[in-house]
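S.K.: One predicted model, sequence on top.
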Amino acid sequence: MEKRKAYAKLTSHTLAFCANYFHGNGFTQLMPVMLSPITDPLGPDPGSSVIKTGEIEYLGQRLSLTQSMILHKQIAVQSGIDRLFILSPNVRLEHPKRRESGRHLFEFSQLDFEIAHAKMDDVFSLMEGLICGVAESTRADCAPELSRLGRALPRFAAPFPRHTTAELIARYGLDWEPAASKEHKSPFWAISHKREFYDREDPESPGTYRNYDLIYPEGFGEALSGGEREWEFDRIMSRIGRDRLGKAQFSPYIELAKGGLTPSAGGGFGIERMVRYLSGAPHVGDVQLFRRVPGEPVVV
Ligand code: ASP
Ligand code: MG
């Protein structure tokens, strides 16, 4: 079997598993958008090195290419869809040096989900069920592909370890992710990151954030980012101001947020990174049939 056929089969299996899992847990699947006046600003986030936001001009309107569906997820929750997921293409024009991370792509597919009135713990147990389930089902259904790729997928169980970023920095230094990922035998949660305005800062404890990353073990690094969300208008505006983001850039979102948004929590994870982890691929670009690695020319 050719390696690319094995990666394609693993990708197809992963997509089917994830869609069934979310449908089975009462989520409504929405269609993605690729062009909008608003998109995820992707910052400030130490994990992001996007050099510019892709955009096009169409009939006099400036439209950004989707960097993530976060703002649209919140708008969908606000419209009454209280458990939703979207499989969406994301374009993130990363710095070419990101090629060396092994886990960055400038075009990938993200599964984004959002749950009205949920808290961090709801997302933790939902995702732990998904990750344990997809690993088990990949071992059972894709044994020939795993063996072709020389992958022995280690076993682990829920609940996953939880650490604050402060604990991780104290133990591994500022760039904690690679070393912490290598040392862990199980996926783990990294909690409280100072990043985008939409992730909720704990009102009781300013400087602490009710957000999280899920990190794969064995050095595969970040799987998911997510959080509880800011939903009160004044807090959203002060966070946008603090990040020095142009308010005009988010005007349709700000307009909708005026009476307050519906509180929610959610997250987004890259399908290619999940397949890379399951298959043990050296680079996340290896699992793509049409490779989109920063710093590499696009062939087809
Ligand atoms: N902000 C996340 C991302 O990196 C998604 C989320 O928070 O739900 O795409
Ligand atoms: Mg992230």
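M.R.: Looks like it arrived, so ask away. Ligands and ions are numbered 1, 2, ... in the order given.
S.K.: Please, where are all the strands along the stretch 51-200 of the chain?
M.R.: Using DSSP state E, counting those that start in this stretch, the strands found in the stretch 51-200 of the chain span residues 55-58, 61-65, 83-91, 93-94, 107-116, 162-164, 188-191.
S.K.: could you dump those to CSV with mean neighbour count and distance to residue 13?
M.R.: C-beta coordinates here come from the backbone N, C-alpha and C atoms, glycine included. Formatted as CSV, those follow (neighbours: other C-beta atoms under 10 Å; distance: least, C-beta to C-beta, whole Å):
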stretch, mean neighbour count, distance to residue 13
strand 55-58, 10, 34
strand 61-65, 15, 28
strand 83-91, 21, 15
strand 93-94, 18, 27
strand 107-116, 23, 14
strand 162-164, 16, 29
strand 188-191, 22, 24
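S.K.: Need those in a markdown table (columns: mean pLDDT).
M.R.: Shown next, in a markdown table, are the strands of the stretch 51-200 of the chain (pLDDT from 0 to 100):
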| stretch | mean pLDDT |
| --- | --- |
| strand 55-58 | 98 |
| strand 61-65 | 97 |
| strand 83-91 | 98 |
| strand 93-94 | 97 |
| strand 107-116 | 98 |
| strand 162-164 | 98 |
| strand 188-191 | 98 |
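S.K.: which one of the ones you listed lies closest to ligand 1?
M.R.: Relative to ligand 1, the nearest member of those by C-beta to the nearest ligand atom is strand 107-116, separated by 5.6 Å.
S.K.: List the neighbouring strands of that closest one plus their orientation.
M.R.: strand 83-91 (antiparallel), strand 264-270 (antiparallel) (DSSP bridges).
S.K.: That strand vs strand 61-65, what angle?
M.R.: With axes from the mean of the first three to the mean of the last three C-alpha atoms, to 10 degrees applied, the angle from strand 107-116 to strand 61-65 works out at 90 degrees.
S.K.: Pipe the strands of the stretch 51-200 of the chain into CSV and attach distance to ligand 2 per row.
M.R.: CSV is the format used below for these (distance: least, C-beta to the ion, whole Å):
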stretch, distance to ligand 2
strand 55-58, 21
strand 61-65, 18
strand 83-91, 11
strand 93-94, 12
strand 107-116, 10
strand 162-164, 16
strand 188-191, 10
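S.K.: I'm done for today, thanks for sticking with me.
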